[in-house]
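**Q** quick one: sequence and predicted model below, then my questions.
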Amino acid sequence: MKKLLSLIVIALFSFMATAQVSQTVDVPTAGTLSTLASAYLSTVTNLTVTGNIDARDVKCMRDQMPLLAVLDISGVNIVAYTGTDGTEGTSSTTYPDNEMPTYSFLNPLTSSGKTSLKTISLPTTLTSIGTGAFAYCSGLTSSLTIPNSVTNIGFAAFMNCSGITGSLIIPNSVTTIGDNAFRSCSGLSGSLTLGNSVATIGDMAFRGCGGLTGSLTIPNSVTNIGTETFGFCNRISSLTLGNSVTTIGSGAFSGSSGITGSLIIPNSVTTIGDMAFYYLTKLSSLTIGNSVTSIGGGAFMGCSGITGNLIIPNSVTSIGDNAFQSCSSISGLTLGNSVTTIGNEAFSGCSGISGSLTFPNSVTTIGGSAFYCCNHINIIYCSNETPPTLGPYAFTGDVSVTNAFVPTFAAVTAYKATSWISYFQGNKININYPTAVNDLSINNIKVYATAGGISIEGLDAGEKLTLYTVNGVQLQTLKSEGTLMVLPALPNALYLVKTTGKVFKVIL
């Protein structure tokens, strides 16, 4: 009998501990919730609040209602408060009106979120969600609705709310999503819709939201995507970048390995940060907009699915270390005419690049192992008369490279005097002659074939001209008597004409 009574008592206490206690309270004067709800502070589980509240009342819900699970504050008006009794601690703080106060349900003294809280309905007049308002509220297990009045979602507002499920809609009213705002909300299991007024998405705002699925569209309103903003969102299947984005931060989409198809970097983008698209192995093509000036280290490293000819636009001045390392399916490479620096291992392991590779006149530095194991490149053209500086093993492993062509005879000597010569079969460095068949015009000098021989217009009086065979054997040197010179008739062949520091190729 005593044993049975003990079991009944235990069951009763268990029931009391888990029974739902629902209460509705109207707060006519902000700061009085603790008094009005004093009778059920320790027992209430489901609470509906109306009227006027401030940071003191939110603190009461956080610290004095240990069983609070369901909270509906959709009908409240949050008013401003300045004092020491708010959610931030003992320091005097000003809390704005219409804002979920900083640390609403994250105790700053213990760094623990209110894990008892399961669902919350936010005020319909809310304009801002403060720093850490719901951080570490891992007990939140339903979908999240952000009111259409909200313009700002603050730093770490919902960080580590790993139980929030379903799709997430950021309404059109929101302009700013702060750093870490939804970081590690791993339970989100649907799509992410970003409203058309969002301008800034902060660092790591959605990092680790690995459950997000479907297509992700960055709206045209967004100008900045922060560091690791969408890092490791590895179930997002496609990505469209809006045409106002200027900066893509370091690691912005790093590890989001589910993204497939084509990636277009819009013309608005100027900077692609380090590791921005690191190891997106399912990308199939890449187009880089014509305003990008720098491509960060490892920006596209490991994007092994990208195929076709990769065009680095004329706007780009620097390509970072490892920028395209192991992009092994790229079949060709065109470097824009403003690139000055190609970083260490920038194209290392891009074994699919084949044929010729041209370095524009702007290139001054090619980093160590920059083209290591790009072993299907067979000819290199260098437009700069001064040999670009080469890092260690810049072309090591490029066993198929047979020749390097440079712009002038003097450049041949200059290149052969550097480590360039060691990278090519047979140590071959030759003149890179501008292409011209019967007709060529460069620097106002026109070279063309006539029945009488080779005519050259646009020379200065007294200017010297030298004629060579294709093998570089000098035939004769003549002096111009005026603006037109006609060389004597010659057998049909390929000849080299050198004047004013240029070498022209003419076919008769």
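**A** Nice, I can see it. Residues are numbered from 1 along each chain as shown.
**Q** which residues of the stretch 51-200 of the chain fall in strands?
**A** Ranges of strands within the stretch 51-200 of the chain are 70-78, 81-83, 93-95, 99-100, 106-107, 112-113, 119-121, 128-129, 152-153, 166-170, 176-177, 188-194, 200-201, based on DSSP state E, counting those that start in this stretch.
**Q** buried ones in the first one, by neighbour count?
**A** It refers to strand 70-78. 70-74, 76-78 (16 or more other CB atoms under 10 Å). Any C-beta I mention is one placed from the backbone N, CA and C, and that applies to glycine too.
**Q** what's the most distant pair in these?
**A** Within the buried residues of strand 70-78, two members stand farthest from each other by CB to CB: V70 and N77, at 20.6 Å.
**Q** low-scoring stretches of this protein, by residue?
**A** 1-18, 397-400, 425-427, 431-458, 468-473, 480-497, 500-508 (pLDDT under 70).
**Q** could you chop this structure up by domain?
**A** 19-99+106-125, 100-105+126-431, 439-507 (automatic domain parsing).
**Q** ranking these by burial, who's on top?
**A** Of all the domains of the chain, domain 100-105+126-431 has the most neighbours on average by mean count of other CB atoms under 10 Å, namely a mean of 20.
**Q** mind checking how far that domain is from the chain centre?
**A** 4 Å (CA atoms, centre = their mean, to the nearest Å).
**Q** swap in stretch 34-43?
**A** Centroid separation for stretch 34-43 versus its chain: 50 Å, with CA atoms, centre = their mean.
**Q** on that earlier part again, of all the buried residues of strand 70-78, which comes closest to N361?
**A** I78 (62.4 Å).
**Q** can you tell me which of the strands of the stretch 51-200 of the chain is nearest to G349?
**A** That would be strand 200-201 among those, by CB to CB, at 31.8 Å.
**Q** paired strands for the closest one, with orientation please.
**A** Under the criterion DSSP bridges, strand 200-201 sits next to strand 176-177 (parallel), strand 224-225 (parallel) in its sheet.
**Q** hang on, the earlier thing: nearest to V363, out of the strands of the stretch 51-200 of the chain?
**A** strand 200-201 (34.6 Å).
**Q** tell me the contacts of V363?
**A** Shown in contact with V363 (CB atoms under 8 Å, 6 or more residues apart in numbering): 335, 339-342, 382-384, 388.
**Q** now L390
**A** 366, 418-420.
**Q** quick check: bridge partners of it?
**A** In beta-bridge terms (that is, DSSP bridges), L390 pairs with I366.
**Q** and the strands paired with strand 200-201: which comes nearest F405?
**A** strand 224-225 (41.1 Å).
**Q** could I get the full set of helices for the stretch 301-450 of the chain?
**A** Secondary structure of the stretch 301-450 of the chain, counting by DSSP state H, counting those that start in this stretch: helices at 409-416.
**Q** do a quick rundown of the strands in it.
**A** Going by DSSP E, counting those that start in this stretch, the stretch 301-450 of the chain shows strands at 308-312, 318-319, 330-335, 341-342, 354-359, 365-366, 376-382, 389-390, 403-406, 429-431, 439-442, 445-450.
**Q** and the third one, what does it pack against?
**A** In terms of contacts (3 or more CB pairs under 8 Å, 6 or more residues apart in numbering; DSSP states H and E), strand 330-335 is packed against strand 308-312, strand 354-359.
**Q** export those strands to TSV and tack on distance to E99?
**A** Below are these laid out as TSV (distance: least, CB to CB, whole Å):
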stretch	distance to E99
strand 308-312	46
strand 354-359	56
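**Q** just to revisit the earlier point, now render the strands of the stretch 301-450 of the chain as CSV, adding distance to V44.
**A** Output for these, formatted as CSV (distance: least, CB to CB, whole Å):
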stretch, distance to V44
strand 308-312, 62
strand 318-319, 60
strand 330-335, 62
strand 341-342, 64
strand 354-359, 72
strand 365-366, 68
strand 376-382, 72
strand 389-390, 72
strand 403-406, 80
strand 429-431, 84
strand 439-442, 86
strand 445-450, 91
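**Q** wait, which of the ones you listed is closest to S184?
**A** Among these, if distance is taken as CB to CB, the winner is strand 318-319, at 32.8 Å.
**Q** name the surrounding residues that touch the closest one.
**A** With CB under 8 Å, 6+ apart, strand 318-319 has contacts from 293-295, 312, 339-343, 346.
**Q** make a markdown table from those and add distance to L144 to it.
**A** Shown next, in a markdown table, are the contacts of strand 318-319 (distance: CB to CB, whole Å):
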| residue | distance to L144 |
| --- | --- |
| T293 | 38 |
| S294 | 37 |
| I295 | 36 |
| I312 | 42 |
| V339 | 45 |
| T340 | 48 |
| T341 | 45 |
| I342 | 46 |
| G343 | 42 |
| A346 | 42 |
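**Q** ok, of those residues, which one's closest to I129?
**A** Using CB to CB, S294 comes nearest to I129 of these, at 34.2 Å.
**Q** contact partners for that closest one?
**A** Counting by CB under 8 Å, 6+ apart, S294 touches 270-272, 316-318, 320.
**Q** got it, and L263?
**A** L263 neighbours (CB under 8 Å, 6+ apart): 239, 241, 277, 280, 283, 285-287.
**Q** that'll do, ta.
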